[in-house]
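**Q** structure, please.
(4 chains)
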There are 2 protein chains.
Amino acid sequence: MVAKPPKPKAAPARERERYHHGELRRGLIDAALELIGSGGPEAFTLREAARRLGVNHRAAYRHFADKETLLAAVAEQGFWALLGAAREAVGALPEATPEARLLAIGRAYVRFCAMNPAHFRVMFGARLNEGGRFPALEVPIAEAFEVLQREVASGVEAGALAAGTGPRMAALSLWSAMHGLATLIVTRRIAVRKERLASTVDTLLGPTVRGLVAKR
Amino acid sequence: MVAKPPKPKAAPARERERYHHGELRRGLIDAALELIGSGGPEAFTLREAARRLGVNHRAAYRHFADKETLLAAVAEQGFWALLGAAREAVGALPEATPEARLLAIGRAYVRFCAMNPAHFRVMFGARLNEGGRFPALEVPIAEAFEVLQREVASGVEAGALAAGTGPRMAALSLWSAMHGLATLIVTRRIAVRKERLASTVDTLLGPTVRGLVAKR
DNA sequence: ACCTGAACACCGTTCAAGT
DNA sequence: ACCTGAACACCGTTCAAGT
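**A** Numbers count the residues shown, from 1 in each chain, chains lettered A, B, ... in the order given. Model (predicted):
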């Protein structure tokens, strides 16, 4: 009679070894994104994520105080990436018109959200910093809004954008439009094929950008 | 010695009586909204809702197949109410310009979402009809989009709106902007005092509406 | 016909040990 | 120091009874 393996669920020791130097933290974040990506936010459980990595679910608490802290790490990572995408978009168009630069930010924003729906859901789903528990989340958001506002302000300065009610309000207008479009695409209320994403964004954000440019 | 009441948690029989004629259904929906309103979507559990109404948690299954079905009922109710608000808004301005009528729809949409955050979260949070399980949810959404699209189309017909890429795309532009603004307000990324809501909406949706009106 | 309670398979999190 | 397993208080949902 063959001896029954004592723990059929556990990963082999060599595989577990990989999680000794912060790899587990990374692995848990990736597992969370996978689970959310395939089954929605409620499909992510600490226990299932740990199970997938072949560790005891208690091991997660070594890297994260609790489930919400893990989600905050996912969100923070996402916000920095979104900020990077926006900066890259404007950086690539140093000589373009304000209209073109604002549209480029919109394309980058919507593209990031559409391509990273799991991140998007964590970033903009529950209000993780509601109780002020994760103030670090506000940093990249504030910087991203800064990018937008600066673009608007320099457009006004150059005489290409109407001053209107000020750069803050104009930036909020554009943020609303970008964010709404991203939301409707991620929740599949607007269906867009990947290769048509950029032109769809141009079409749908066009009125808002033109409205900011229009002299009234 | 006083006899210990056998079930301290249960509501008195007379109170329970109220739930015999469909009242329990209504009560569960209201309890769900309350719980979501105060503690977010994850604060709503069938067991807690039933507990608040003084009934066994199994009683909920008499009115709803499962938790998701109860949420779908909440969402459907919300979508019809949102549609009603939009219709009322345009109905009140029979002679106004297309620009004013579109802005009025935007105000109604954002106001509904801002005043009913629990509904909003259920309606636009998880994609309840993802698997085609609740097709009834699509009816009021489609009708609401119809209202928007018809406004745009009649504005184009009257020569007051640029034809652009067609009424569908124009309506999607406006929907994105409205929805994004509503989302940012509900998630408190934009803070607005109640009495300034209408003027804030006008300011922030103004560029989009003007962009639709502009002749290019 | 309607409501209930025990039971099942899950959670997140805490506590107390194991190496 | 690090990981684990049992335990606790919750879930949603199923099953089998109670009136």
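
**Q** use CA for all of it now, contacts and neighbours both
**A** Will do.

**Q** check contacts around the residue minimising distance to the centre of chain A.
**A** With distances taken as CA atoms, centre = their mean, A:Gly78 lies nearest the centre of chain A, 3.9 Å away. Neighbouring residues of A:Gly78 by CA atoms under 8 Å, 6 or more residues apart in numbering or on different chains: A:His119, A:Phe120, A:Met123.

**Q** and for A:Arg87?
**A** If you count contacts by CA under 8 Å, 6+ apart, then A:Arg87 has A:Ile105, A:Val147 around it.

**Q** how about the helix or strand containing it and DNA strand D, touching?
**A** A:Arg87 belongs to helix A:67-91 when assigned by DSSP states H and E. No. Interface with DNA strand D: helix A:67-91 contributes nothing (CA under 7 Å from any atom of the strand), its closest point being 14.1 Å away.

**Q** name the residues that touch the helix or strand following that helix?
**A** Heading C-terminal from helix A:67-91, the first helix or strand you meet, by DSSP H and E, is helix A:98-115. With contact meaning CA under 8 Å, 6+ apart, helix A:98-115 is reached by A:82, A:85-87, A:89-90, A:93, A:119-120, A:148, A:151-152, A:154-155, A:160-161, A:178-179, A:181-183, A:185-186, A:197-198, A:201-202, A:205-206, A:209-210, A:213.

**Q** can we see that at 6 Å?
**A** Outside helix A:98-115, the residues that touch it by CA atoms under 6 Å, 6 or more residues apart in numbering or on different chains are A:Ala85, A:Ala86, A:Ala89, A:Val90, A:Phe120, A:Gly155, A:Met178, A:Ala182, A:Val186, A:Val201.

**Q** what's the lowest-pLDDT member of the residues you listed?
**A** Lowest in pLDDT among the contacts of helix A:98-115 is A:Gly155, which has 90.

**Q** that one and A:Leu161 touch, don't they?
**A** Yes. In this structure, A:Gly155 is within contact of A:Leu161 by CA atoms under 6 Å, at 5.2 Å.

**Q** for DNA strand C, see how far away the residue of chain A found nearest chain B is.
**A** In chain A, the residue that lies nearest chain B is A:Gly180 (3.4 Å; CA to the nearest CA). Separation of A:Gly180 from DNA strand C (CA to the nearest atom of the strand, to the nearest Å) stands at 29 Å.

**Q** that residue: neighbouring residues, count only.
**A** By other CA atoms under 10 Å in any protein chain shown, the residues close to A:Gly180 number 26.

**Q** check which helices and strands the helix or strand in which it is found sits against.
**A** Taking DSSP H and E as the criterion, A:Gly180 maps to helix A:167-186. Applying 3 or more CA pairs under 6 Å, 6 or more residues apart in numbering or on different chains; DSSP states H and E, we find helix A:167-186 packed against helix A:98-115, helix A:138-157, helix B:167-186.

**Q** quick one: which of those is nearest A:Thr69?
**A** helix A:138-157 (14.7 Å; CA to CA).

**Q** the closest residue to A:Val213 other than its chain neighbours in helix, strand or coil?
**A** Leaving out its chain neighbours, the residue that sits closest to A:Val213 by CA to CA, 6 or more residues apart in numbering or on different chains is A:Leu161, at 4.4 Å. At A:Leu161 the chain is in coil, as set by DSSP: H, G, I helix; E, B strand; the rest coil.

**Q** wait, A:Leu161 touches A:Gly211, no?
**A** No. A:Leu161 is not in contact with A:Gly211 according to CA under 6 Å; the separation is 9.2 Å.

**Q** picking up where we left off before, most neighbours among the contacts of A:Gly78, please name it.
**A** A:His119 leads the contacts of A:Gly78 on contacts (other CA under 10 Å) with 27 neighbours.

**Q** look up how far B:Leu93 lies from it.
**A** Using CA to CA, to the nearest Å, one gets 42 Å for the distance from A:His119 to B:Leu93.

**Q** A:Asp66 too?
**A** 52 Å.

**Q** thinking again about what came up before, what's the pLDDT at the residue nearest to A:Val213?
**A** pLDDT recorded at A:Leu161 is 82.

**Q** quick one on the thing from earlier: pick the most buried one from the helices and strands packed on helix A:167-186.
**A** helix B:167-186 (a mean of 24; mean count of other CA atoms under 10 Å in any protein chain shown).

**Q** contacts for it next, please.
**A** With CA under 6 Å, 6+ apart, helix B:167-186 has contacts from A:176-177, A:179-181, A:204, B:106, B:110, B:114, B:148-149, B:152-153, B:190.
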